[in-house]
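Chemist: Okay, here's the prediction I keep looking at, along with the sequence it came from:
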Amino acid sequence: MRRNYQNIPRYVPHAVTGFALNQNESQYPLPERLEQAIRDVSLEALSRYPVDELIALKASYATYAGVESTQLMVGSGSDELLAILSQAILDTEDRVLAPAPDFSMYGIYTQIARGQFIQPDANGLNYETLVELIQSIKPKLVLISNPNNPTGKMWTLEQLSDIAARVPYLVVDEAYIDFTMDDSFVSRLNEHPNVIILRTLSKAFGLANLRIGFMITSEEIIEQIDRFRSPFNVSGLSAAVANVVLRDASYIQESIQFHTAQREKLTELLRPIGEILPSRANFIYVKTDDSEGWASRFLENGVHVRAFPDGLRVSAGTDEAYAYIRQTIEEVNSVENS
């Protein structure tokens, strides 16, 4: 093993029973029309490496995203693309900056690529704080999720444009942008050829099991980073199923409407716990000093949520899950008032 490999955290997935509101997966059931269309996907090509399927998938997603197919790279989830671009861009000890808090895998992939991962010590979601750090540490790469994971904070296009002008590379992770497409940085890509956008089908599209992600950037950067991608890195069957879903234009709107309505319900439900931060994604962040306690109480009733030092991230879920959340809150209030 290489030196200091123990410093890289190991991600070990665990099966979840009950209501999984801790991973921001889609809770919108796949419509019967799509289930039938997926059943009709041909299996004749299973013995061949996937080529045609990925070409078709890129064409469909390019239409959805409003870009050219030559501006796309497909990966096994946006996580793989994050790993690939980190290997492609970073030399040993190059500095990488991200807000705090932000997606935990940013630091892990930076370590794997032998870079230095840096986050603000305070005011980690403040624009001026990031600019000051950029000026002082001069990072080669800045990683920003927009909407922010876990808080839901939105960075403005003007802020992202200014950051892009200050650094060699900016990655805008738009895993949740389908819920608020007007805020996508795609409209400014031509002005900032050093920006790389990451997208996924795991959230609004409800296809986490397929592991499909996209990189959107200039053709030049695609050509450069593509050298670090493994051949045939995405299953042709996954690509074919994803293509079926992408071709159903009404499905994504149905999913967004469902999650928006459920997020609004969840916001009202969790108000007794603490301050609810604004969110346009399929989750909310509620501030509380007792995040671990609340997470434990919800788990006793079969609801999984994600605890952070100053709050909880809770995915928009079903009414059934909400009944158990309401029950938990009422039980706590009953004890406190007795």
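Modeler: Okay, I see it.

Chemist: Does Trp294 touch Gly311 like I think?
Modeler: No - Trp294 lies out of contact with Gly311 (CB atoms under 8 Å); the separation is 9.2 Å. Glycine gets a C-beta too; all of them are placed from N, C-alpha and C.

Chemist: Now the common contact residues for the two.
Modeler: Residues touching both Trp294 and Gly311 comprise Thr288, with contact defined as CB atoms under 8 Å, 6 or more residues apart in numbering.

Chemist: where does Asp226 land in three-state SS?
Modeler: In terms of secondary structure, Asp226 is helix; the call rests on DSSP: H, G, I helix; E, B strand; the rest coil.

Chemist: And the pLDDT at the spatially most central residue of the chain?
Modeler: Closest to where the C-alpha atoms of the chain average out (CA atoms, centre = their mean) is Ala175, at 3.3 Å. Reported pLDDT at Ala175 in the predicted model: 98.

Chemist: Run a quick neighbour tally on the residue nearest to it when sequence neighbours are not counted.
Modeler: With sequence-adjacent residues excluded and distances taken as CB to CB, 6 or more residues apart in numbering, Ala175 is closest to Thr200, at 4.9 Å. Thr200 sits with 24 neighbouring residues when counted by other CB atoms under 10 Å.

Chemist: just Arg247 next, same as before
Modeler: Counted with other CB under 10 Å, the burial measure for Arg247 works out to 14 neighbours.

Chemist: With Glu336 instead?
Modeler: Neighbour count for Glu336, taken as other CB under 10 Å: 7.

Chemist: Equivalent analysis for Val41, please.
Modeler: The local packing count at Val41 equals 13, with neighbours defined by other CB under 10 Å.

Chemist: Can you verify my assumption that it contacts Ala240?
Modeler: Yes - Val41 sits in contact with Ala240 when judged by CB under 8 Å, with a separation of 4.9 Å.

Chemist: The residue nearest to Ala175: what's it in contact with?
Modeler: Thr200 makes contacts with 77-78, 175, 212-214, as judged by CB under 8 Å, 6+ apart.

Chemist: go on, Gly293?
Modeler: Contact partners of Gly293, counting by CB under 8 Å, 6+ apart, are absent.

Chemist: tell me the SS of it?
Modeler: Following three-state DSSP, we place Gly293 in the helix state.

Chemist: if I look at it, how far off is Gly274?
Modeler: Relative to Gly274, Gly293 is positioned 12 Å away (criterion: CB to CB, to the nearest Å).

Chemist: hang on, the earlier thing: which pair in the contacts of Thr200 has the greatest spatial separation?
Modeler: Spatially, the most separated pair among the contacts of Thr200 is Ala175 and Ile212, at 12.1 Å (CB to CB).

Chemist: Find the residues that touch each one of the two.
Modeler: 200, 202.

Chemist: For stretch 174-182, buried residues please.
Modeler: Neighbour counts using 16 or more other CB atoms under 10 Å place 174-181 of stretch 174-182 among the buried residues.

Chemist: no wait, stretch 82-92
Modeler: The neighbour-count criterion (16+ other CB under 10 Å) identifies 82-90 as the buried residues of stretch 82-92.

Chemist: got the CA positions of it in CSV?
Modeler: What follows is the C-alpha trace of stretch 82-92 in CSV, where atoms were taken according to Å, rounded to 0.1, in the frame of the first residue of the first chain:
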residue,chain,number,x,y,z
LEU,A,82,-15.2,13.7,-9.7
ALA,A,83,-12.5,11.1,-9.1
ILE,A,84,-11.5,11.2,-12.8
LEU,A,85,-11.2,14.9,-13.0
SER,A,86,-9.2,15.0,-9.7
GLN,A,87,-6.7,12.6,-11.2
ALA,A,88,-6.6,14.5,-14.4
ILE,A,89,-6.2,18.0,-13.0
LEU,A,90,-4.1,17.6,-9.8
ASP,A,91,-0.4,17.2,-9.4
THR,A,92,1.0,16.2,-6.0
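
Chemist: and that stretch, what's its mean pLDDT?
Modeler: If you average the pLDDT over stretch 82-92, you get 98.
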